[in-house]
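**Student:** Build the 3D model from these lines:
(one chain, ligands or ions: 2)
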Amino acid sequence: MGTALIYDEEMTKYKLLWVDPACKIEVPERLTVSHEALVETGMADRCISIPVREATDADILLVHSEEYLEGVKTTPYMTLEELQEFTQQYGDVYFHPNIYHCAKLAIGASLQLVDSVMTGKVRNGMALVRPPGHHSMRSAASGFCVFNNVAIAARYAKQQYGVQRVLIVDWDIHHGQGVQYCFEDDPSVLYFSWHRYEHQDFWPQLRESDFDSVGKMKGAGFNVNVPWNKVKMHNSDYLSVFFHVLLPVAYEFSPDLVMVCAGFDSAIGDPEGEMCATPDIFAHLTHLLMNLAGGKVCAVLEGGYNLTSLAQSVCQTVQTLLGDPAPRPANLGSPCKSALESLQCVRSAHRQYWTCLKHAADLPTSDISTKRIKLKEEKEKMFKGEQDESTEEKVWTQPPKRVTPPIRTAVVLPDGVTCPDQCKRFSSSADPDPLVVNKLRENYLKDGDDSNALATLSSLIGLADKMEKNEICSGLVLVRDVSMAMMCVVQHAATALSNRVLVVCVGDGKVQNYCSQDGKTLVVQFSSRKSEEEESRYYIPVCLKKGCSDVPGFIHSILGLLLPMGYEYDPGLVVLAQMPDSGICDSVWQQLIGLLQGLAQGHILVLMKEDGRACVGPTASSLLGNAAPSLGQLHASLPEDVEAVESLRHRLEGYWKLLQTTAAD
Ligand SMILES: COCC(O)(O)CCCCCNCCCN
Ligand SMILES: [Zn+2]
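**Tutor:** Numbering: from 1, shown residues only. Ligands and ions are numbered 1, 2, ... in the order given. So this is what the prediction gives:
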């Protein structure tokens, strides 16, 4: 299934007709540069182009009041003065004779996107729209927004398709207060937003944008605000919030549909956000959402005012929706102290609502709410003398070109096992290098002349080499002895390949201590048995009471442990081994494969036991980039597993900074 792209140049045909410093950044070029970039990169042609439609009154009344709609309806016939006067009643927004028409198209584009995804015409998609929507409220325009595109689309999805649970992820750098007000008492819509806040000092300067606004009445817990109290937030800050707040809660919530308020003013270079996250981060944020809701992800453009980073970020998002592997998440490190404070506050505020956060730490001692007032006093004092520091031009390296290998998934299967469609059988054509053969013979092959084991192992090595050369993206190999195959490919990678190798071992089994302490390999093993090997920085045994068969515990350890370390480690190759009788079910296995594909440009090599034939289909489906099936709402992890994962995180966060969830006092 494909990716929808919804765009119509009519939405560029309105602009600011008078002088207003607050609104001058919202220009038609925002839409044209975004669409042109998709055309120039060839991505527009790879998408399924869906036309916009005009929203009806009924669509708009899903969220807005009649009197507000009636008011906006009169704007096309207003004189310039009347438009200015009409605008005065709202904040940081402007009207234009054609903005009502464009606002109806922006909603209609969002509804067309929901229709395409919910009817299965496409898997996911993006709507490039203006005016944006997330600030507009039931009876008020705000922040360049006239109608709330995403809020209307969420209500429409519930009404039209009986969607039970909608997750709205708002990565725009402003708080979408309009969305929050719309759903704060609604447990069927989980609204997540991060936003520049600076202790209530940044627009829209609302007290209710802080982390302690968790929703109301039966909606308590279903509103998650992550305030950024400093600027210059970076990729590590964004990812740590995904790993330790959004994803655990999203998997527990288990949405049927994911809507993204895709604002790109959270990217480097944006005059509003003043953040430092690079455009390629949106490839990862998008990827990390694509195994929720069976892959039903609808991204709708919100903000973004630096035309260069906006265009790059839109391309990164759409390319990931198209299924292309994400670029390597380079040089991640520790989130900054302010981000950790916010992280700790949000997790603490939501501890009582989400089982995945039950063990979260208390509010930080430096209670940041008092900072709100103190900082305001300082600002007032300082404002007298202080001029705005010069807005120096931000520069960043263009995101790397993401080339998809000619072969997406290669498989090495015993005869008699059919090759899954869209996969390619692989066998190492070249005679195995005699040195390797000897190594294999002496180290791994019990009965030296076991020719087909030898053939399998040399195919394995050949496959790893082709992945390193980016000729093959991912691989699946059925072997007789998983542990031996793992050792073989890791040994080869350690000597012959230049990249780091992340080894993820699912299930019990002696994982020979081949994790070199030089950091060439990072081994994470999930099992139900205490590992006899000593835990270290590069060998992490995760002991879960029921191993991988307890879904919430295992998912929790993937999101809160494996992914943060994996992203920080940034391997060139991932080896994922399913040990015999691991107890892992297909859907969890597919989630694991899907999530791990965000690493190593999708170079993941899966090893399974020959008799694991039943799992070949689901494994191949995930390796091909298909979304994993939804796991359904998750219940509580076993207390001993929570305990085990938490103590492991505390022990390791000195080594792996993305594991931190609190601001060290
Ligand atoms: C949904 O609209 C997308 C958006 O969130 O980016 C709108 C931001 C309005 C920002 C209003 N203050 C502008 C002050 C200019 N220095
Ligand atoms: Zn914004």
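**Student:** can you tell me how far the residue lying closest to Val93 once chain neighbours are set aside sits from Leu502?
**Tutor:** In space, and not counting its chain neighbours, Val93 is closest to Ala141: 4.6 Å by CB to CB, 6 or more residues apart in numbering. Every residue, glycine included, has its C-beta placed from N, CA and C. Going from Ala141 to Leu502 by CB to CB, to the nearest Å gives 48 Å.
**Student:** Show me which of those two is the more surrounded one.
**Tutor:** A direct count of neighbours by other CB atoms under 10 Å for Ala141 and Leu502 places Ala141 higher, at 28 against 24.
**Student:** That one reaches Tyr90, doesn't it?
**Tutor:** Yes - between Ala141 and Tyr90 there is a contact under CB atoms under 8 Å: 4.3 Å.
**Student:** need the residues of the chain near ligand 2, please.
**Tutor:** Neighbours of ligand 2 within the chain, by CB under 5 Å from the ion: Asp172, His174, Gly263, Asp265, Gly303.
**Student:** What ranges does the stretch 501-650 of the chain have for its helices?
**Tutor:** Using DSSP state H, counting those that start in this stretch, the helices of the stretch 501-650 of the chain run over 551-557, 563-569, 586-596, 616-623, 639-652.
**Student:** try the stretch 51-200 of the chain
**Tutor:** Counting by DSSP H, counting those that start in this stretch, the helices of the stretch 51-200 of the chain are 57-60, 66-73, 80-88, 99-118, 149-161, 177-183.
**Student:** Which strands or helices does the shortest one pack on?
**Tutor:** Here helix 57-60 is seen to pack against helix 99-118, helix 149-161 when contacts are counted using 3 or more CB pairs under 8 Å, 6 or more residues apart in numbering; DSSP states H and E.
**Student:** next one: the shortest one to chain centre, how far?
**Tutor:** It refers to helix 149-161. In terms of CA atoms, centre = their mean, to the nearest Å, the centre of helix 149-161 is found 22 Å from the chain centre.
**Student:** In that helix, which of the residues would be classed as buried?
**Tutor:** Asn149, Val150, Ala151, Ile152, Ala153, Ala154, Arg155, Tyr156, Ala157, Lys158 (16 or more other CB atoms under 10 Å).
**Student:** what about it, near ligand 1?
**Tutor:** No - Helix 149-161 is not in contact with ligand 1 by CB under 6 Å from any ligand atom; minimum separation 8.7 Å.
**Student:** now swap in the longest one and tell me
**Tutor:** No - Helix 99-118 stays out of contact with ligand 1 when judged by CB under 6 Å from any ligand atom, the minimum separation being 10.4 Å.
**Student:** Let me know the angle separating that helix from helix 149-161.
**Tutor:** On the basis of axes from the mean of the first three to the mean of the last three CA atoms, to 10 degrees, helix 99-118 is oriented at 50 degrees to helix 149-161.
**Student:** picking up where we left off before, can I get the buried residues of helix 149-161 in TSV with pLDDT?
**Tutor:** As requested, the buried residues of helix 149-161 are arranged in TSV below (pLDDT from 0 to 100):
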residue	pLDDT
Asn149	99
Val150	99
Ala151	99
Ile152	99
Ala153	99
Ala154	99
Arg155	98
Tyr156	99
Ala157	98
Lys158	98
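**Student:** Could you export those as JSON lines, including distance to Gly566?
**Tutor:** JSON lines is the format used below for the buried residues of helix 149-161 (distance: CB to CB, whole Å):
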{"residue": "Asn149", "distance to Gly566": "35"}
{"residue": "Val150", "distance to Gly566": "31"}
{"residue": "Ala151", "distance to Gly566": "35"}
{"residue": "Ile152", "distance to Gly566": "37"}
{"residue": "Ala153", "distance to Gly566": "33"}
{"residue": "Ala154", "distance to Gly566": "32"}
{"residue": "Arg155", "distance to Gly566": "37"}
{"residue": "Tyr156", "distance to Gly566": "37"}
{"residue": "Ala157", "distance to Gly566": "33"}
{"residue": "Lys158", "distance to Gly566": "35"}
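**Student:** Closest one of the residues you listed to Pro399?
**Tutor:** Checking those against Pro399 with CB to CB, the nearest one is Val150 at 25.5 Å.
**Student:** and the gap between the closest one and Gln180?
**Tutor:** Val150 is 12 Å from Gln180, where distance means CB to CB.
**Student:** What would stretch 572-579 look like as PDB? C-alpha coordinates only.
**Tutor:** The C-alpha trace of stretch 572-579 is given here as PDB (Å, rounded to 0.1, in the frame of the first residue of the first chain):
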ATOM      1  CA  GLY A 572      26.000   0.000  11.000                       C
ATOM      2  CA  LEU A 573      24.400  -3.500  11.200                       C
ATOM      3  CA  VAL A 574      21.800  -5.000  13.500                       C
ATOM      4  CA  VAL A 575      21.800  -8.800  14.000                       C
ATOM      5  CA  LEU A 576      18.500 -10.000  15.500                       C
ATOM      6  CA  ALA A 577      18.500 -13.600  16.600                       C
ATOM      7  CA  GLN A 578      15.400 -15.400  17.700                       C
ATOM      8  CA  MET A 579      16.600 -18.300  19.900                       C
END
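**Student:** Smallest gap between the stretch 401-550 of the chain and ligand 1, at which residue?
**Tutor:** Closest approach between the stretch 401-550 of the chain and ligand 1, counting by CB to the nearest ligand atom: Arg402, at 26.5 Å.
**Student:** contacting residues around His175?
**Tutor:** Residues near His175 by CB atoms under 8 Å, 6 or more residues apart in numbering: Ser193, His195, Tyr197, Pro204, Leu206, Ser209, Asn225.
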